[in-house]
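Student: give the three-dimensional model of this entry:
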Amino acid sequence: MRAWYNKVYKSRQLLLYGDELVSEKPFDLIHNSLEKEVKVYLRDGRLFVGIMSGYDKDLNIALSDVSVTEDGKTKEYDQIVIRRNNILSIGNDEGILWEE
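Tutor: Residues are numbered from 1 along each chain as shown. Next up is the predicted model:
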């Protein structure tokens, strides 16, 4: 049975399945999460959970059906855009897709 490995090499994340290279670009991991639920952790401690509806080349993220948790309180939004400079990490149920 083969195992999945994540390695960071010269600012590129390599996703390996055994010895086989599956993806070498972090944007591939982000792109594969379109229309799926993701968790976005911000530098100020807030957690955004929603459906990733888009991103741009600068890694600004657009989410829909979003719930925001801050200090134990949750708010709901239909859509929201998060600037990359505020993002600490992006993940899903499988693990971290990107982190600063």
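Student: what does the model give the residue nearest the centre of the chain for pLDDT?
Tutor: Centroid-nearest residue in the chain, with CA atoms, centre = their mean: residue 90, separated by 2.6 Å. pLDDT for residue 90: 90.
Student: need the contact list for it.
Tutor: The contact partners of residue 90, taken as CB atoms under 8 Å, 6 or more residues apart in numbering, are 30, 33, 38, 39, 40, 41, 61, 96, 97, 98, 99. No exception for glycine: its C-beta is placed from N, CA and C like everyone else's.
Student: could you give the bridge partners of it?
Tutor: Using DSSP bridges, the bridge partners assigned to residue 90 are residue 40, residue 98.
Student: how far away is it from residue 61?
Tutor: According to CB to CB, to the nearest Å, residue 90 and residue 61 sit 7 Å apart.
Student: next, show the common contact partners of these two.
Tutor: 38, 40.
Student: rewinding a little: which of the contacts of residue 90 count as buried?
Tutor: Applying 16 or more other CB atoms under 10 Å to the contacts of residue 90, the neighbour count classes 30, 33, 38, 39, 40, 41, 61, 97, 98 as buried.
Student: list just the nearest of those to residue 50.
Tutor: residue 38 (7.1 Å; CB to CB).
Student: that closest one and residue 53 touch, don't they?
Tutor: No. The criterion here is CB atoms under 8 Å, and residue 38 misses it with residue 53 at 10.3 Å.
Student: mind listing what the residue lying closest to residue 100 once chain neighbours are set aside touches?
Tutor: Spatial nearest neighbour of residue 100, chain neighbours left out: residue 88 (5.8 Å); criterion: CB to CB, 6 or more residues apart in numbering. Going by CB under 8 Å, 6+ apart, residue 88 touches 41, 42, 43, 99, 100.
Student: which residues touch the first one?
Tutor: Going by CB under 8 Å, 6+ apart, residue 41 touches 47, 48, 87, 88, 89, 90, 91.
Student: look up which residues are beta-bridged to the residue lying closest to residue 55 once chain neighbours are set aside.
Tutor: In this structure, residue 55 finds its nearest non-sequential neighbour in residue 61, 5.2 Å apart by CB to CB, 6+ apart. Beta-bridge pairing for residue 61 (DSSP bridges): residue 55, residue 82.
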